[in-house]
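J.: Build me a model from this:
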Amino acid sequence: MRPEEVQTLLERELPGATVTVTSARHPGDEDHLAITVTSSVFEGASLVDRHQLVFDVLEEYLTTDIHAVEVRTYTPDELDEST
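T.: This next block holds a predicted model:
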């Protein structure tokens, strides 16, 4: 599954989210992905709950098209604080 496809899927299922997806290992390695999602839906949610929201969207692809994934999640306020 190409990073662009994962990005589109997450943006569709998490409306208003900003999503960045890259190869976690090296360019062209599309089954090890690094995903960063910024969304207000994460406000008040624990890290585990945030990641579960992302994994729920990707569930059907995690055993077939995506071998490994690194997930980072932020609320818009958290992202503003880190810059």
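J.: all contacts plus neighbour counts: C-alpha atoms, from now on.
T.: Fine.
J.: Thought D56 was touching E13, still the case?
T.: No - using CA atoms under 8 Å as the test, E13 is too far from D56 to be in contact (9.8 Å).
J.: between the two, who's got more neighbours?
T.: E13 (14 against 11; other CA atoms under 10 Å).
J.: Now that one. Nearest residue, chain neighbours left out?
T.: Residue nearest to E13 in three dimensions, not counting chain neighbours: V57, with 6.8 Å by CA to CA, 6 or more residues apart in numbering.
J.: all strands for this structure, in order.
T.: Using DSSP state E, the strands found in the chain span residues 18-23, 32-38, 68-74.
J.: Output the second one as CSV, nothing but the C-alphas.
T.: Once side chains and other backbone atoms are set aside, the C-alpha atoms of strand 32-38 remain, and they are given as CSV (Å, rounded to 0.1, in the frame of the first residue of the first chain):
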residue,chain,number,x,y,z
HIS,A,32,7.1,-0.1,6.8
LEU,A,33,5.4,3.3,7.3
ALA,A,34,5.8,6.3,9.5
ILE,A,35,2.5,8.1,10.1
THR,A,36,1.9,11.5,11.7
VAL,A,37,-1.7,12.5,12.4
THR,A,38,-2.8,15.9,13.8
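J.: helices or strands up against it?
T.: strand 18-23, strand 68-74 (3 or more CA pairs under 8 Å, 6 or more residues apart in numbering; DSSP states H and E).
J.: Run me through the strand neighbours of it, direction for each.
T.: strand 18-23 (antiparallel), strand 68-74 (parallel) (DSSP bridges).
J.: Take those and lay them out in JSON lines including distance to V37, mean pLDDT and mean neighbour count.
T.: Formatted as JSON lines, those follow (distance: least, CA to CA, whole Å; pLDDT from 0 to 100; neighbours: other CA atoms under 10 Å):
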{"stretch": "strand 18-23", "distance to V37": "5", "mean pLDDT": "93", "mean neighbour count": "19"}
{"stretch": "strand 68-74", "distance to V37": "5", "mean pLDDT": "94", "mean neighbour count": "16"}
